[in-house]
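Participant: coords please:
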Amino acid sequence: MKNILVPTDFSEHANNALDYAVAIANRFGSQITLFYAYKVYSTTGMLVSVERFMKDDAEEDMHKLIEKTRISLMNGATITGVTVKGETIQGIADKADREGFDIIIMGTQGASGLKEIFMGSVTNGVIRKTRTPVLAIPNECRYKAFKSFVLAMDSREVQTPGLFRTLVFLVKGYDGSLSVYHKIEGEEDDGIDPSLNQWLMGIEHANHFDFSEKDVNESLSEFLADYGGDLLCMVRHKRGFLERIFHQSVTKKEAFTTAIPLLVLQDN
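Facilitator: Numbering: from 1, shown residues only. Here you go, the predicted structure:
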């Protein structure tokens, strides 16, 4: 995990995600790239260049954040920053995918765990646009070394070679434990993709099957509370397990509320 992209708006929740990025970069000697996108709305009759002021302010804020962060880096970790004019969501996705970043680490707002991910946030938009793994950090989380990982899987077959590379890297790098969670959904449920053992080669893991009649939001939240996971990993397919949680959370106006980091892997 050599290249980490950290979107920022210089807010508290973005800085909290940066704390995670710094800790991970220090562990693995990674390169952090801070990314800020600003958008200029033209106004008729402007006497001064608002765009120039926005650009200068952004670059000054970026410089200050880099200098403040650099003193915390160790083990060969480095940090740079870039400011661009444009759309935030598309800009983040394009930057990550075009330049081959290993992971995007970004913050979510709110006091309801990962609520913002499922309610139309920037994080939600990036997850839907990018092919790069996204580690979403709820604002109330404070970094601690990951020890227990949970991978929530539906019965869909995995299509993307190397999909779990990021998860395996983190589990090994933190010498952690992994539990695989699967919600049984009816008699036609095919269970977990049997090729998962091959994808998780070299990682000891235990499979947990949930036969309850509770909806997936509630049952997964309860499992995480009982298990005490430090990081939840989910796979995004079109109309897959993660998409159903997106849909349920929005239509029911309630959200998946676990307050731990969420790693989203894209099965394209």
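
Participant: least trustworthy helix or strand in the chain by mean pLDDT?
Facilitator: Lowest on mean pLDDT, DSSP states H and E among the helices and strands of the chain sits helix 241-251, with a mean of 50.

Participant: what's downstream of that helix, the next helix or strand?
Facilitator: Following helix 241-251 in sequence order, the next helix or strand is strand 262-266 (DSSP states H and E).

Participant: relative to that next one, what are the paired strands and their orientations?
Facilitator: Sheet pairing for strand 262-266, assigned by DSSP bridges, gives strand 134-138 (antiparallel), strand 231-236 (parallel).

Participant: averaged pLDDT, the last one. What do you get?
Facilitator: When pLDDT is averaged along strand 231-236, the result is 90.

Participant: try the first one
Facilitator: Here strand 134-138 scores 92 as its mean pLDDT.

Participant: can you show me the CA trace of it as PDB?
Facilitator: Taking C-alpha atoms only, strand 134-138 is exported to PDB below (Å, rounded to 0.1, in the frame of the first residue of the first chain):
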ATOM      1  CA  VAL A 134     -12.300   3.500  -0.300                       C
ATOM      2  CA  LEU A 135     -11.700   3.500   3.500                       C
ATOM      3  CA  ALA A 136     -14.400   5.700   5.000                       C
ATOM      4  CA  ILE A 137     -13.800   7.000   8.500                       C
ATOM      5  CA  PRO A 138     -16.700   8.100  10.700                       C
END
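
Participant: elements contacting the very next helix or strand once past it?
Facilitator: On the C-terminal side of strand 134-138, the closest following helix or strand by DSSP H and E is strand 148-153. Packing partners of strand 148-153 (3 or more Cβ pairs under 8 Å, 6 or more residues apart in numbering; DSSP states H and E): helix 165-173, strand 177-183, helix 216-227, strand 231-236. The C-beta positions use only the backbone N, C-alpha and C, and glycine is treated the same way.
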